[in-house]
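> Everything below, folded, please.
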Amino acid sequence: MTISLHMRAARQCFVALSRLSAQAVAFPLGNVAKLWQSTRDFRIAGHAAPSGRTLATGGWGCILSTLSAPALAFDVPSGQALSFQESFYERKDDGALWARFRFVMPVIGTGVTYADVAEDFLTLCEAYVLPALAGQDMPDQIIVSLADRATDFGKANPEATQYFEAFTPDPPSCIWEGF
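From the prediction side, this is the model:
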């Protein structure tokens, strides 16, 4: 269900992006502020994911949902290539709100260890997750995960290699909580 909600939201963002004037679309990728404002305008105009578990698209969420992996390079300390899989909110039994951001880094299944990518988690949380959450409900906890392949959330996949880290958001920082 989460994937279909993201697909619907991505489609809305894509349609909204395609309707922008050439000026708004043709800016360099380095001009993040202008890109950020354009995607925030989509959310204000109602181009957002349905409410519920899925994060509203807008800001980085819209960008991450609509751009293909090679089009958006994540600059992480390990230098490894990775792509965004999905993000969503999860309400825990105790009422705590968690935001999950799932990424795919194929090399971790080929001998790259947790130690090799450990610093990437904090970078992803502070440089990509916090900006994606700006203007939305701030969660009590942020979970950043890396997997060697796209996996279905909550379903066991013994062939997949996955690493997880937990953070408490304290914008502009993420405080590592560890698992």
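
> secondary structure element for Glu86?
Under the criterion of DSSP states H and E, Glu86 resides in strand 83-91.

> if I pick Asp75, what's in contact with it?
The neighbourhood of Asp75, defined by CB atoms under 8 Å, 6 or more residues apart in numbering, consists of Thr123, Ala127. Using the backbone N, CA and C atoms, a C-beta is placed for each residue, glycine as well.

> Go again with 10 Å.
Contacts for Asp75 (CB atoms under 10 Å, 6 or more residues apart in numbering) come out as Asp120, Thr123, Leu124, Ala127, Tyr128.

> for Ala147, same thing?
Neighbours of Ala147 in contact, by CB under 10 Å, 6+ apart: 82, 85, 102-106, 108-109, 157, 160-164.

> now swap in Pro106 and tell me
Gln80, Ala81, Leu82, Ser83, Val112, Ala147, Asp148, Arg149, Ala150, Thr161.

> ok, 7 Å please
Counting by CB atoms under 7 Å, 6 or more residues apart in numbering, Pro106 touches Asp148, Arg149.

> Need the phi and psi values for it.
phi -50, psi -30 (degrees, to the nearest 10).
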